[in-house]
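>>> give me a model of this one.
(2 chains)
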Amino acid sequence: MSAQERLRDALGASLAGSGGPLAAATRLCQACVELLPVDGASISLTLDGTNRGTFGSSSPLSRHLDELQFTFGEGPCLDAAHSNAPVLVGDLHDPADSRWPAFTDAVLDSGVSSVFALPVRLSAQPVGALDLFRTAAGPLGEDALDGGLLAAELAAAPLLDLLAGHTDWEAAGQPDDGWLQLASLERLEVYQATGMIMAALDVDATEALVRLRAHAFAVDLTAGQVAWQIVERVVSLDSGDWQDRGESGASR
Amino acid sequence: MTRTESDVTQAFVSLTGRLAGGADVVELLTDLTADCVRLLDVSSAGLLLADARAVLHVMAASSERTRELEVFQVQRADGPCRDSYLAGTAISAPDLSQETARWPLFVPHARQAGFASVHALPMRMLGTRLGTLGLFGTEVGALSPADLGLGQALADVASVALVQDRTTSDQKLLNEQLQTALSSRVVIEQAKGVLAQQGEIDMVGAFRTLRLYARDHNQRLTDVARAVVGRELLGRQLLEHAAARRPTGR
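Below you'll find the model as predicted:
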């Protein structure tokens, strides 16, 4: 097993455990600090470019730094989510970089010199960012960046659960490994069903995926299974509660 | 097989011409899989592309039927396409009924969909494995060396279409390019869903509607899909366009 594969597995395994999506996101952030050369990590949720909040962090300081971005309405996390691309700032002291004056001053005051913000995506759409903080200035390095990108991918799973309002993974029989959770979302029928929900309920792509996931939890199926039911029109999206069409009603 | 030299020439002239003209990658690769079915002794073809985590995704297929796409997609777990990707070599399974032990998940899926044989050809670029071209037949039997050679040439064209900067040996840049291609597929699937729901049509009809609108408005398929998903373009407009075209179509 290569070092990269070990890192991949360790990050994926960090999502397993009790306590719901917030606890899982926190464990993922802690795993970043353990496994990558960074001193702090946080995950924030942004939709439509507006920061909704920090929802996982490795420490109170990381949470505070992340929250500063909502206070000031600026920061690398917002930019990463908005541009759907990593924003890597190796040295916040650099006077040439004046993108986030208020945020930068506050972060420097707390002893952090570099920030690396990586977009978190659901169905290819940015919905938030993973922020990695370091006290030392300098670039993140290629291997660490690869690890960070893996963690940012994984962060999508608890983030969606949080959006779906689900807090008890064990009860819903969720797979333990974060990669398995992600794989169930990255399926053609899930994308197709997402589109169908968008049209039926007049919501955007992220909201549609959240609804699909929430429904999957409610009926104790995977997102992929629910997606098949929708695509094959076993369940009708026209009724508010997605009631079964045909068989179940007729059998009564 | 009634393939003529001129059929083959025409297919390559068309593919390479559109490649040079900057055609939409999903659309180009969809046509390439249709060329496979037309030129080779197979009934279905699909392109699977690997992401940075080596997970295979359906990039294009000759059929948009969801159940048929699933035969490609299930090979994330096991199957000849996955093996071909991992090994970087061609994998032939002329009789799937003999392969259940080898691919316990894939074989039942493929046989249920009516397939009896599979040939998987690797897609590579400068020594990097990108994915696989899967060729499915409804009859038992191996493809001829000529068919396999032509299939590999088409797989190579697909690789070229996916990697814009072909001088790069930078894995990260390569991954980004593949990721962009995969996001195009995501947004197209979402747009198909929108159209299927609004027009009460199946996914095959939804894809046709999307393509027709893009072609008639001289827009890229991915851009039209993105506009539909972003709700800048109403699904109704595409459905009405398709309905208006129907009487004059073939």
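>>> can I get the longest helix along chain A as PDB, trimmed to CA atoms?
In chain A, assigned by DSSP state H, the helix with the most residues is helix A:20-35. Extracted in PDB, the C-alpha atoms of helix A:20-35 (Å, rounded to 0.1, in the frame of the first residue of the first chain):
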ATOM      1  CA  GLY A  20     -23.800  12.500  13.700                       C
ATOM      2  CA  PRO A  21     -22.400  14.600  10.900                       C
ATOM      3  CA  LEU A  22     -21.000  17.400  13.100                       C
ATOM      4  CA  ALA A  23     -18.900  14.900  15.000                       C
ATOM      5  CA  ALA A  24     -17.800  13.200  11.800                       C
ATOM      6  CA  ALA A  25     -16.700  16.600  10.300                       C
ATOM      7  CA  THR A  26     -14.800  17.400  13.500                       C
ATOM      8  CA  ARG A  27     -13.000  14.000  13.300                       C
ATOM      9  CA  LEU A  28     -12.100  14.600   9.700                       C
ATOM     10  CA  CYS A  29     -10.600  18.000  10.600                       C
ATOM     11  CA  GLN A  30      -8.700  16.400  13.500                       C
ATOM     12  CA  ALA A  31      -7.400  13.700  11.000                       C
ATOM     13  CA  CYS A  32      -6.200  16.500   8.800                       C
ATOM     14  CA  VAL A  33      -4.100  17.900  11.600                       C
ATOM     15  CA  GLU A  34      -2.800  14.500  12.500                       C
ATOM     16  CA  LEU A  35      -2.000  13.300   9.000                       C
END
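>>> any buried residues in that helix, and which?
For helix A:20-35, burial by neighbour count (16 or more other Cβ atoms under 10 Å in any protein chain shown) applies to A:20-21, A:23-33, A:35. No exception for glycine: its C-beta is placed from N, CA and C like everyone else's.
>>> and the helix or strand just after it, what other elements does it pack with?
Per DSSP states H and E, the first helix or strand lying C-terminal to helix A:20-35 is strand A:40-47. Applying 3 or more Cβ pairs under 8 Å, 6 or more residues apart in numbering or on different chains; DSSP states H and E, we find strand A:40-47 packed against helix A:20-35, strand A:50-57, helix A:60-72, helix A:76-83, strand A:125-134, helix A:156-163.
>>> just want the angle from the last one to strand A:50-57.
Translated: helix A:156-163. When axes from the mean of the first three to the mean of the last three Cα atoms, to 10 degrees is applied, the directions of helix A:156-163 and strand A:50-57 differ by 110 degrees.
>>> picking up where we left off before, right, and the helices and strands packed on strand A:40-47 - which one's nearest residue A:201?
Distance to residue A:201, taken as Cβ to Cβ, is lowest for helix A:156-163 among these, at 14.9 Å.
>>> which helices and strands sit right next to that closest one?
When contacts are defined as 3+ Cβ pairs under 8 Å, 6+ apart, helix A:156-163 packs onto helix A:20-35, strand A:40-47, strand A:50-57, strand A:114-122, strand A:125-134, helix A:178-185, helix A:205-218.
>>> listing partners with orientation, what would you give for the second one?
In the sheet containing strand A:40-47, the strands it pairs with under DSSP bridges are strand A:50-57 (antiparallel), strand A:125-134 (antiparallel).
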